[in-house]
Each structure stands twice: as structure tokens, then as C-alpha cells.
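Asker: Turn this into a structure:
(chains A and B)
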Amino acid sequence: MHTDTIRQLPEYAALTRARKRIMWPLSLATILAYFALILTIAFNPSALGQPIGEGVTSIGMVLGLGVILFCMVVTGIYVYYANRVLEPLTRAIVNKAGAK
Amino acid sequence: MKFHAPLAVLLSAMATCAWAQASSSSAINVTAVAMFLAFVLVTLGITYWAAGRTKTASDFYAAGGGISGFQNGLAIAGDYMSAASFLGIAGLVYTSGFDGLIYAIGFLVGWPIVLVLIAEPLRNLGKYTFADVASFRLQQKPIRILAASGSLVTVIFYLIAQMVGAGKLIELLFGLPYEAAVVIVGVLMTLYVTFGGMIATTWVQLIKAVLLLSGASLMAFLVMMQFGFSFENLFAEAVKVHTKANAIMAPGTLVSDPISAISLGIALMFGTAGLPHILMRFFTVKDAVQARRSVFYATGFIGYFYILTFIIGFGAIILLLKNPAYFTDGALIGGANMAAIHLSQALGGDILLGFISAVAFATILAVVSGLTLAGSSAISHDLYATLVLKGNRDEKKEIRASRIATVCLGVIAVLLGIVFEKQNVAFMVGLAFCVAASANFPILLLSMYWRKLTTRGAVMGGGLGLFTAVILVVIGPTVWVDAFGFEQAIFPYKYPAIFSVSAAFIGIWFFSITDKSASAAKEQAAFDAQFVRSQTGIGASEAAKH
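Answerer: Numbers count the residues shown, from 1 in each chain, chains lettered A, B, ... in the order given. Model (predicted):
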């Protein structure tokens, strides 16, 4: 099946839309989380050194480890969404393309 | 067969290790040497087995596409968990606490970007190298030359850093002369890649990843056990013994000004998505679904590994600083990068020291092999096949060229390793990331998502990014002052990525939109068909013959 015909399929429109819906928010969230931390390190490092409670553990430590966990969660969300939403659409397109 | 071989391999490695432990009561070297010899024997065995299975170009470059998503995730993590990041980040945490975390985070945050933007289109459009993707709708010759240059510059800087690190580490751990150590590493990596191609390189990487993750987990567990598995207790004790006291809980001197901070962030985040040896791994899996799964596992393993490294760094602060045996003249023996190695001895005596030393060596071997394979593929698949074979692709000739290129890269790596022995090579990994972010990543990203990209834009802009990155590093403080010994740097910032990445994107944009040639119009028109394939994978499977 010619690519122009594939592009006319409603599933294709749905796939590109669904992908955009997850792609940009997750990329932006990661970039923002990271650069928020980096810019705080650059402009206000002492804020990160403040202890979070009674002890010595600083806000920076918690945020830093938080960003590491955040990255793992982001990849998890994407894979979950891709398997649930993107994959059925892709399979439908591939099937239609193969059938004609 | 496929799964029994590695299992047998691990069992025999464990048996050898147990034998080494039983037969030696005193010697640190015996455990380390025996463990290391076992690793070498096992990996050479795998290379022999892999050589028999490496028949086509697809086998050589991409392990025949037969690696699973989980295995590939572990292999990618293995590529990423270099000795530099294990020893380097632990050393940085040991010296300045929080600053080590900045690097660890920077190395990790590129992965969600790789997953969401790059992995699936890369697998759907490419065959063996990322230049396949960049040149998909553009002119083969100029784009492949540029992409191969970007790959080779990245690979060579990375290789020098690893070779020098390897030489120093082996010199220290095994008492071998520096040159001999560099030659051993060079010979072994050349053997793995030349005979076993991607299959051997991947299995070497997998075994090493399992060994390294187990070793680091054990060390972090032993550290945390002493502090009742509480970070607060760990930090409190570290603050008590460290000379910088409370300052280790806050950002220190690693990034001092906003420009450097943002630059470092950009290089680390986007450099990951432009590292040729990492990108190449996505072609070893069956399809986009497995590529996606690979990144999920890789991110998990890498994040977990950095948390371990962080704990190890803090453990080193507490357990080493109190013990004068690890110091000569007030400095840690072998420098801060040896913090993790000394800590293994403090935690588990000579046996754990031997194990961790051997694992560190194995790590170097596995990483340089992956780098060499990526470099030789750029030479054979992108340069030789396009410039010499032209349109008449011939798999046999291409693999032969790749093997010759591997041997040449091996020789070059050994020579450069010896030349740079006395230099500070720490900046080279940073430079590799900077070049990857400034040349490889913009071309790759825009070729996938930007309709208006043309050959002229990609070549001019990508070239500009590559050139700017290298020049600004050379005239910046790390090379101009530290390496060349001049008084003052011409360019004031240590990390130039903010300038070189912007130069690349602006260059690509400007030279693409002003390109009114007929070929440019054709390239832009080809975007829709390319996008269909990148999104759905239709056409990808038959192209790669998986």
C-alpha cells in the first residue's frame, strides 16, 4: 500500500495525534525537571543545602534522587501508554496496509 | 544453545572465582587476577562461539536483530556504566558529596528523551548506524561523511579516556606496566570485535553488566547495613567525618556559573541521544516495540546503578577517611577515583577487592569494545560502502573493511592511550558528549521530525556544531590552560555545549530554509513517506531482513 494511502487512514491520524499527546508533555516535563534543578544549582546553590527536617539530609539530596526516580517513572509511563494506545493503532495500520 | 552458553559461562566464572578464593588466603592479586583471567577466558570462548554465528553484515553489525528488549536494555546500561562513571562518580561523591549527584543525574536525564523522541523512529528507519537514519531522504555521500565524522570524533575521545583510565587502573591493581596494560586492553577488544562482531560485543557487555550490578549492589548493601538502611544516618555520619562537613550536602564548585551549568546540562542530556555506540544498539532488536522496551530497562538499570554509586561514594567518605591505611601524605592512594576500589577492601577484605578490581577491568574491556565496533561500523558501513563501493553494496567486502578498521582503531587506541598517559583526560568524556550533542543529535532529531531539513542544512549546520564544539573546548580552560599551559583561556567556559548546540540548530535551520535547489524540494517532499515508516515501521522489517 502506498504511503499516501496510509496517511489517509483514520488510524494514522489517530496514531500521530496520540503520539504527539504523549511525546511533548513527557519530553518537556523531563527537560523542565532537570533544568529547574540545574538552574537552582547555578543561581541559588545554598537553597539546596538547607536541611529538610531536623537532620542533615538536604533539600538538594532529596530533589536530586527525586529526579533519578522521576526519569524511571517517565519511561514507565511512556511504555505503558505506548503499549496500551499506540500499539493497537500501529497494528491496525499495518494490518490494513498489508491487506490491500 | 543461545541461552545455555552464557549460563555455562557464568557457572564456570563462579567456579573459577570460588577456586581462587579457596586457594588464596592472603593475596589480593590472586583473587583479582584469577577473576580477571576467568573473565577473559569466558569472553574469548563467547567470541569463538559468536564468530561461528557471524555470517552476514546483519550479524556483524546488529547481532542479526536477535537480541531481546530486556537483554538490550541491560547491554545499553552496560555500555553506559563505564569504569569512568563507576569510579569517577563514586570518586566525585567521595570528594564533594552532592556534586557527584549532579553528574549522575545529567547522565540519566537523556534517557526519557531517547525513549520518547528517538528510539522507535531510529529502529524503524535505520539498519546498522544512525547515519542510515540521517541520510534516509537526504544525499547519501555528504550526510554519511558528516555522520561518520561525528561518530568517529565521539568514539575516539571516549576511547582515549577509557584507555588511559584502563592503563592507570591496571597499573595500580595488578602491578603491570602502563604500556602493557594498554596493549592488553587493545588486543582483547580487537579480538572480540573483529571475530565476534556485535554478538560477542553484546554478550561481553551483558556479562559485565551483571557482574558490575551485583558487585555494586553488594557494596551498597554492606554500606547501608552499617547505617540501619537509613540515608539520614549515612549522611549524618559522612558530614561528621568529611573535612567539608555540611557543604557536602549542597552544590559545591563543580558548576560555578550559570552558563557552565546550563551548558553541562545540555551536553549531558542531549549527548546521550547522539552517542554512536548507544544508538547502534537499537538495531540489535527485532522491532520498535523491543527498542522501546530496551530503553525502559536501560533507564531502570542505569538509575539504580547511579543510586548505588552514590551510596558507595558516601560509604567511602565514612569508612576511608577514618582509616589512615588508605592514605599517603594525606591523599587517597591512587587518587579520588580509587575510592570505590579501596571501599571494597574496607567492606569485604581482599576477596571483595579482587572481585571489584576484576569487574572494573571487565567494564573497561566491554565499553571499549562497544566503542570500537561503533567506530569501525562508521568507517565500513558509512564511509567505505558509500565512497569506495558507491552504489554497489557488497556485504562481504563491507564486513572485511569493518574488520580491518577494527584492527586499525585498536592500534590507534593503544597509541593514543600511551601518548596521553600523563595528560588529564577527564575532559575527554565531556568533549565526547558535547560533540554528540552538537553534531549527531541535531541532525538525527531534525531528520526525523523536521520536514524542511535539506542536505545543505544538515551538512552546514551539523558541521558547524561539530567544529564549534571542538574549537571551543580547545581554546577553553580545560585544554588551553590545563593541557597546553597557557595563562588565560581564550574562551572562558569549561563547557561550550550551549553555544555549539545552538550553532548547530540555527545553522541547520538557516541553511535548510534558504535552500531553494530542486534536490532540496525533493528531500522535503520525501518527508511524508519517511514519517509513515518512522511511525508505523511499515517497510522496516524487510529492509533489515530480520
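
Asker: which residues of the chain score low on pLDDT?
Answerer: Since you didn't name a chain, this refers to chain A. By pLDDT under 70, the low-scoring segments of chain A are A:1, A:99-100.

Asker: wait, chain B
Answerer: B:1-29, B:424, B:426, B:541-546.

Asker: Grab the nearest non-local neighbour of the residue in it positioned nearest to chain A.
Answerer: Residue nearest to chain A within chain B (CB to the nearest CB): residue B:250, separated by 2.7 Å. C-beta coordinates here come from the backbone N, C-alpha and C atoms, glycine included. Distances taken as CB to CB, 6 or more residues apart in numbering or on different chains put residue A:49 closest to residue B:250, at 2.7 Å, once the chain neighbours are dropped.

Asker: Contact partners for that neighbour?
Answerer: A:58, A:59, A:60, B:98, B:246, B:247, B:249, B:250, B:251 (CB atoms under 8 Å, 6 or more residues apart in numbering or on different chains).

Asker: quick one: which of the residues you listed is nearest residue A:71?
Answerer: Distance to residue A:71 across the contacts of residue A:49 (CB to CB) is lowest for residue A:60, with 17.0 Å.

Asker: Could you tell me how many residues sit around that closest one?
Answerer: Residue A:60: 25 surrounding residues under other CB atoms under 10 Å in any protein chain shown.

Asker: mind checking which helix or strand residue 94 is in?
Answerer: Chain wasn't specified; assuming chain A. helix A:87-99 (DSSP states H and E).

Asker: Sorry, I should have been clearer: chain B.
Answerer: Residue-wise, residue B:94 maps onto helix B:83-96 under DSSP H and E.

Asker: Just the angle for the helix or strand following that helix relative to helix B:83-96, thanks.
Answerer: Counting by DSSP H and E, the next helix or strand C-terminal to helix B:83-96 is helix B:98-113. Per axes from the mean of the first three to the mean of the last three CA atoms, to 10 degrees, the angle that helix B:98-113 makes with helix B:83-96 is 140 degrees.

Asker: So which elements touch helix B:98-113?
Answerer: helix A:10-43, helix A:59-81, helix B:83-96, helix B:258-271, helix B:288-321 (3 or more CB pairs under 8 Å, 6 or more residues apart in numbering or on different chains; DSSP states H and E).

Asker: could you pull out the helices for the stretch 151-300 of chain B?
Answerer: B:178-226, B:231-241, B:258-271, B:276-279, B:288-321 (DSSP state H, counting those that start in this stretch).

Asker: ok, then the element right after the last one?
Answerer: Once helix B:288-321 ends, the next helix or strand along the chain (criterion: DSSP H and E) is strand B:327-328.

Asker: ok, so what distance separates the residue in chain A positioned nearest to chain B from residue B:491?
Answerer: With CB to the nearest CB, the shortest gap between chain A and chain B falls at residue A:49, namely 2.7 Å. Going from residue A:49 to residue B:491 by CB to CB, to the nearest Å gives 30 Å.

Asker: go on, residue B:415?
Answerer: 29 Å.

Asker: repeat for residue B:195
Answerer: Residue B:195 is 44 Å from residue B:491, by CB to CB.

Asker: next one: residue B:119
Answerer: For residue B:119, the distance to residue B:491 - CB to CB - is 34 Å.

Asker: Give the residue from these two that has the larger number of neighbours.
Answerer: Set residue B:119 next to residue B:491 and count neighbours by other CB under 10 Å: residue B:119 wins out with 26 against 16.

Asker: quick revisit: and the helices and strands packed on helix B:98-113: which comes nearest residue B:362?
Answerer: helix B:83-96 (9.1 Å).

Asker: And that closest one, what does it pack against?
Answerer: helix B:98-113, helix B:140-174, helix B:288-321, helix B:339-377.

Asker: what's near enough to touch the nearest residue to residue B:166 once chain neighbours are set aside?
Answerer: Using CB to CB, 6+ apart and skipping residues adjacent in sequence, the residue nearest residue B:166 is residue B:364, 4.3 Å away. Contact analysis of residue B:364 by CB under 8 Å, 6+ apart lists B:82, B:83, B:162, B:165, B:166, B:169, B:185.

Asker: Let me know the closest of those to residue B:290.
Answerer: Nearest member of these to residue B:290, counting by CB to CB, is residue B:82, at 24.1 Å.

Asker: sec struct for residue B:423, please.
Answerer: Under DSSP: H, G, I helix; E, B strand; the rest coil, the three-state class of residue B:423 is coil.

Asker: interface residues of the stretch 301-450 of chain B facing chain A?
Answerer: B:303, B:306, B:307, B:310 (CB under 8 Å from any CB of the partner chain).

Asker: Can you redo those residues as JSON lines, where the extra columns are distance to residue B:434 and neighbour count?
Answerer: Output for those, formatted as JSON lines (distance: CB to CB, whole Å; neighbours: other CB atoms under 10 Å in any protein chain shown):
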{"residue": "B:303", "distance to residue B:434": "23", "neighbour count": "25"}
{"residue": "B:306", "distance to residue B:434": "21", "neighbour count": "26"}
{"residue": "B:307", "distance to residue B:434": "26", "neighbour count": "18"}
{"residue": "B:310", "distance to residue B:434": "24", "neighbour count": "26"}
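
Asker: As a check, name the ranges of all helices in the stretch 351-500 of chain B.
Answerer: According to DSSP H, counting those that start in this stretch, the helices that the stretch 351-500 of chain B contains are B:395-419, B:426-435, B:441-449, B:455-474, B:497-513.

Asker: Format these as a markdown table; extra columns: mean neighbour count and distance to residue B:108.
Answerer: Output for those, formatted as a markdown table (neighbours: other CB atoms under 10 Å in any protein chain shown; distance: least, CB to CB, whole Å):
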| stretch | mean neighbour count | distance to residue B:108 |
| --- | --- | --- |
| helix B:395-419 | 19 | 27 |
| helix B:426-435 | 26 | 13 |
| helix B:441-449 | 25 | 16 |
| helix B:455-474 | 23 | 22 |
| helix B:497-513 | 21 | 17 |
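
Asker: now these as JSON lines including distance to residue B:222?
Answerer: Converted to JSON lines, these look like this (distance: least, CB to CB, whole Å):
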{"stretch": "helix B:395-419", "distance to residue B:222": "33"}
{"stretch": "helix B:426-435", "distance to residue B:222": "28"}
{"stretch": "helix B:441-449", "distance to residue B:222": "39"}
{"stretch": "helix B:455-474", "distance to residue B:222": "39"}
{"stretch": "helix B:497-513", "distance to residue B:222": "38"}
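
Asker: Find the centremost residue of chain A, please.
Answerer: Centroid-nearest residue in chain A: residue A:26, 2.6 Å away (criterion: CA atoms, centre = their mean).

Asker: so that residue touches residue A:76, yeah?
Answerer: No - using CB atoms under 8 Å as the test, residue A:26 is too far from residue A:76 to be in contact (10.7 Å).

Asker: need the contact list for residue 73.
Answerer: Here I'm looking at chain A. No residues are in contact with residue A:73 under the rule CB under 8 Å, 6+ apart.

Asker: not quite, I wanted chain B
Answerer: B:293, B:294, B:295, B:296, B:297, B:298, B:300, B:301.
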